[in-house]
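# everything below, folded, please.
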Amino acid sequence: MSDHWYEDETGPLVRPYTVTQGRTRPASEHGIDLMSQVTALDLDGSAPPLDHARSSLLELVRRGPRPVAEIAADADLPLTVVRVLLADLVEAGLIRVTAPVTHEGLDDPGLLREIVDRLREL
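Reported below is the predicted structural model:
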């Protein structure tokens, strides 16, 4: 597959944005960025029917939690398409997207001095 074409379940090659019905952004904002962690949710077998593109992404996610960037690379689809499809899976209740861990406050000089002091005590 290339970044410009996608083979769907019927076999012919179509543009990736065709699988998103022309959408370039998720219908509702789910905070899906490159490093967001995506996890498949356990269902009781009552999953809604999915098209080939969404089903393929869900299978990638079921292998284990992974970042959006890795899913896009493995699916060989543009990030914008993957974000739309993942948002659809969130809305269907099939996956959870978690914001990446930030390191705010870890560059605080006072905190860093305290860590160094505690390490010296050891």
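
# contacts and neighbour counts: CA atoms only from here.
Will do.

# pLDDT value on residue 50, please?
At residue 50 the predicted local confidence, pLDDT, stands at 86.

# now the one 3 residues further on
Per-residue confidence at residue 53 stands at 83 (pLDDT).

# next, the buried residues of the host helix or strand of it.
Using DSSP states H and E, residue 53 maps to helix 52-62. Using 16 or more other CA atoms under 10 Å as the test for burial, helix 52-62 gives 53-54, 57-58, 60-62.

# tell me the strands beside the helix or strand following that helix, with direction?
Using DSSP H and E, the next helix or strand after helix 52-62 towards the C-terminus is strand 66-67. Looking at strand 66-67 with DSSP bridges, its paired strands and their directions are strand 37-40 (antiparallel).

# and the strand it pairs with, average pLDDT?
Confidence for strand 37-40, expressed as mean pLDDT, is 93.

# which residues does that strand contact?
Residues outside strand 37-40 that contact it (CA atoms under 8 Å, 6 or more residues apart in numbering): 58, 61-62, 64-68, 94-100.

# same thing with stretch 59-76?
Contacts of stretch 59-76 (CA under 8 Å, 6+ apart): 1-3, 32-40, 56-57, 78-79, 82-83.

# least confident pick among the contacts of strand 37-40?
Within the contacts of strand 37-40, lowest confidence goes to residue 100 (78).

# mind listing the strands for the protein?
Assigned by DSSP state E, the strands in the chain fall at 6-7, 13-14, 37-40, 66-67, 95-98.
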